[in-house]
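K.L.:
Sequence first, then the predicted structure:
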Amino acid sequence: MAPLPLDLEPGLYIVATPIGNLGDITLRAADVLRAAGLIAAEDTRVTAKLLARIGSDRPMVPYHDHSDSRARARLLERMRNDSVALVSDAGTPLISDPGFKLVREARAQHIPVTTIPGPCAAIAALTLAALPTDRFLFAGFVPAKAKAAADTIAELAGLDATLVFYESGSRLGRTLAALKAGLGDRPAAVAREITKAFEETVTGTLGDLAARYADAPPKGEIVIVVGPPEPAAPADAETLDAALAAAMDAQPLKTAVAEVSAALGLPRKQVYARALELRGAQ
């Protein structure tokens, strides 16, 4: 039995599409892509394969990172009287894919925005990595230049969360080495070709994985998942006293207490009380 056609209201529909296996398209996503007045696609050639699979003949226009404000204006004008579906090449639009500016401007112009959720490589990789998922941060792509990469990784080093990155095969070994240098040798996973015939997830430490892929760049779409930092061992009394003595010699008491508390991961009240004791003993 053929699906009943939808009667979509005018507006923007953000449609998640499969990340590899076309069988992962949701029923609702397929219905919307068969009914939309227009489909804005990152690459119309890629999306055409999906539309052929689900039996959609809806017209498409390109919308990608290089689309300018005029292209957005045309889509926004269309949305006032028609339904426009936004898709990326794979997965959920806006997740390291174009679309943010379009959604922002649609909302600013009070155009209805509806999401049709579905596959996302970052979330799929988290389910494969065997690392904590109660708190995680998706960080996109690590910058290509070494200094920018190191700075970005340094900003993330103190977060008590699992980190998720996208990466290309040619840069994988270099990025894993940079992550090890900036985060330490944490447990990690490299997931690639998720949902496809050659899906693979390799786990180990960042050092192990960097060595594995240093001279053997893999093919396919890749997600790196890095575990959170290990809890620091509580500082002993001798370490606290030494840190406070050095800090109080160089700056006011409250500033010294804040600095030492952050550096050692100790409650500020505890550090402040000890600082007063040390000052009184002088």
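P.N.:
Everything's here; your move.

K.L.:
Do I have it right that Leu179 meets Gly227?
P.N.:
No: applying Cβ atoms under 8 Å as the test, Leu179 and Gly227 come out as separate, 11.1 Å apart. Where you see a C-beta, it was placed from the backbone N, CA and C, and this is true even at glycine.

K.L.:
residues shared between the contacts of those two?
P.N.:
Arg186, Ala188 (Cβ atoms under 8 Å, 6 or more residues apart in numbering).

K.L.:
who's in contact with Ala157?
P.N.:
Contacts of Ala157 by Cβ under 8 Å, 6+ apart are Gly182, Leu183, Pro229.

K.L.:
Measure how buried the last one is and give me the count.
P.N.:
Looking back up the chat, that one is Pro229. 14 (other Cβ atoms under 10 Å).

K.L.:
Go ahead and confirm it touches Gly158.
P.N.:
Yes: with contact defined as Cβ under 8 Å, Pro229 counts as touching Gly158 (7.4 Å).

K.L.:
on that earlier part again, looking at Leu179 and Gly227, which is more packed in?
P.N.:
Leu179 (27 against 21).

K.L.:
Name all residues that make contact with the nearest residue to that one once chain neighbours are set aside.
P.N.:
Residue nearest to Leu179 in three dimensions, not counting chain neighbours: Leu206, with 5.3 Å by Cβ to Cβ, 6 or more residues apart in numbering. Counting by Cβ under 8 Å, 6+ apart, Leu206 touches Leu176, Leu179, Lys180, Leu183, Gly184, Asp185, Arg186, Ala188, Val226.

K.L.:
Tell me the confidence at Leu206?
P.N.:
If you check Leu206, the pLDDT there is 97.

K.L.:
Distance-wise, check it relative to Leu33.
P.N.:
Per Cβ to Cβ, to the nearest Å, Leu206 is found 39 Å from Leu33.

K.L.:
go on, Thr195?
P.N.:
In terms of Cβ to Cβ, Thr195 sits 18 Å off from Leu33.

K.L.:
Compare those two and say which is more crowded by neighbours.
P.N.:
Leu33 (24 against 17).

K.L.:
Would you map the helices across the stretch 151-282 of the chain?
P.N.:
Taking DSSP state H, counting those that start in this stretch as the criterion, the stretch 151-282 of the chain contains helices spanning 172-183, 206-213, 237-250, 253-264, 268-281.

K.L.:
angle of the fourth one against helix 237-250?
P.N.:
Taking axes from the mean of the first three to the mean of the last three Cα atoms, to 10 degrees, one finds helix 253-264 and helix 237-250 inclined to each other by 140 degrees.
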